[in-house]
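Participant: sequence and computational prediction follow.
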Amino acid sequence: MNKVNDKMQKCSFCGAMASENDDNVLIQSENENSFICIDCIDTISLKMQKFKKKKAAIMSKKNLELSSLTPKRIKQFLDDYIIGQEEAKKIISVAVYNHYKSISIKERDPEIELEKSNIIMLGPSGCGKTAVVKALSKMLNVPFAIADASTLTAAGYVGSDVEVVLQRLLSAADNNVEEAQKGIVYIDEIDKISRKGENLSTTADPGHEEVQQALLKIIEGSIVDVPQKGNRKHPQGENIKMDTSNILFIVGGAFEGIEKIVAKRQKKGKTKIGFGSELKDDEKTYNELVNNVKVEDLKKFGMIPELLGRLPIICTMKELDENALIKILTEPKNALIKQYKRLLQEDGVELNVSDLALKAIANRAKERKTGARSLRSILEEILNPTMFDLPEKEVNQITLDINNNDFVVNYNK
């Protein structure tokens, strides 16, 4: 940059003119299109100092908050948003606690080597896998990104490079690499990239194993080139280097059919009683079987051993029953019924939902076999016609109820 004393030029920020003496010297930019005066430089410098102090204070507070966490406090927070899944919440709480405790230890003593507590979550659709991870990121106040494993592909296939999950994390951190490197990545539908396993009736995409191999590098902890734009890395493209050593990776999937693999394993070794007869195994429920999933079962499903080795914590989530679905509708901080009550309150209308209606909504969700995921769409189907008319009706209260096995909305003035 060059000093300028030309009185015809002025500061691009405050408009002050240059002077012939050194009272107000302008600094010219490298492209020679803009100028800045000494006063503005001092002002910007002062603001930058204040910004750095504020950022340091925020980081200090965040580190203090993370250091004060305990597994019980983490679970208590999850309890506000997640109904049931008690064992899963405990497993996740301990894993998250150990992960951020490990980061703190390594910052104080870089010579210490501690492996990451990456997690693999199993459970049917709509059981709360994504909701758990979202609640965690909210509590921890760290950058959080979700990716769908089924959209990730290996080189030579149409789709996105695995590094795109880090690109999303970086975006969630407002491109702050340091912040992103302590964030959480959730990769959903991980079971969709399994190679051909014993439970699969069709041949899996040959690129699926390559995607699992590609994920190894970013999950285990290494320096990764992340593309700034697009879904593919280019040798001459603009990339950002990210260290994934302190990023918590959680992968999840329904793993449909995994319970059959568990049942088959548990039946092995059972002897026959009498000539030509077999010892019949007690009929076990999905929840009982999935609660006993082991690494060997996931291998048979089609997950490669190397990837499973980087996901040491197996967390199984249970299928939701009717009572759990009713509680999900009404109890969490972000419960759907509470949300609709607040929306209608804005129109001066109080919403009531009868116990029979709640039970019917839960039953309909069970019939759709999508767990809690379908609750929102069911409520929309029922209440949408009413919400269309309500703003122009003179009504103070409505009640969602059941009449002749069908949903009805009763209006009260």
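Facilitator: That came in fine, so what should we check first?
Participant: C-alpha from now on. contacts and neighbour counts both.
Facilitator: Noted.
Participant: next, the buried residues of the helix or strand where Lys366 lies.
Facilitator: Assigned by DSSP states H and E, Lys366 belongs to helix 355-368. For helix 355-368, the buried set under the neighbour-count rule, 16 or more other Cα atoms under 10 Å, comprises 357-366.
Participant: what sits against the closest residue to Pro143 other than its chain neighbours?
Facilitator: By the measure of Cα to Cα, 6 or more residues apart in numbering, the closest residue to Pro143 outside its immediate chain neighbours is Gly183, 4.7 Å from it. When contacts are counted by Cα atoms under 8 Å, 6 or more residues apart in numbering, Gly183 touches 142-144, 169, 246-248.
Participant: could you rerun that using 10 Å?
Facilitator: For Gly183, the contacting residues are 137, 140-145, 166, 169-170, 172-173, 244, 246-249, taking Cα atoms under 10 Å, 6 or more residues apart in numbering as the criterion.
Participant: of these, which belong to helices?
Facilitator: When helices are assigned by DSSP state H, the members of those inside them are 137, 140, 166, 169-170, 172.
Participant: farthest-separated two in the residues you listed?
Facilitator: Farthest pair in these (Cα to Cα) is Leu140 and Leu166. Separation: 18.5 Å.
Participant: tell me which of these two has more neighbours.
Facilitator: Taking Leu140 and Leu166 together and counting by other Cα atoms under 10 Å, Leu166 has the greater number of neighbours (27 against 19).
Participant: I'd say the more buried one and Lys182 touch.
Facilitator: No: no contact is recorded between Leu166 and Lys182 when judged using Cα atoms under 10 Å, the distance being 11.5 Å.
Participant: who touches both of those two?
Facilitator: Overlap between the neighbourhoods of Leu166 and Lys182 consists of 144, 244, 247, taking contacts as Cα under 10 Å, 6+ apart.
Participant: of the residues you listed, which is the most crowded?
Facilitator: Taking other Cα under 10 Å to define a neighbour, the member of the shared contacts of Leu166 and Lys182 with the most is Ile247, carrying 29 neighbours.
Participant: could you give the backbone dihedrals for that residue?
Facilitator: In terms of degrees, to the nearest 10, the main-chain angles of Ile247 are phi -90, psi 130.
Participant: check what pLDDT it gets.
Facilitator: At Ile247, the pLDDT value in this model is 92.
Participant: give me the low-pLDDT residue ranges for the stretch 101-250 of the chain?
Facilitator: Within the stretch 101-250 of the chain, the stretches with pLDDT under 70 are 154-160, 196-207, 229-237.
Participant: can you map out the strands along it?
Facilitator: In the stretch 101-250 of the chain, strands defined by DSSP state E, counting those that start in this stretch lie at 119-122, 144-148, 184-188, 223-227, 239-243, 248-253, listed in chain order.
Participant: tabulate these (TSV), appending distance to Lys101.
Facilitator: As requested, the strands of the stretch 101-250 of the chain are exported to TSV (distance: least, Cα to Cα, whole Å):
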stretch	distance to Lys101
strand 119-122	16
strand 144-148	18
strand 184-188	15
strand 223-227	21
strand 239-243	18
strand 248-253	12
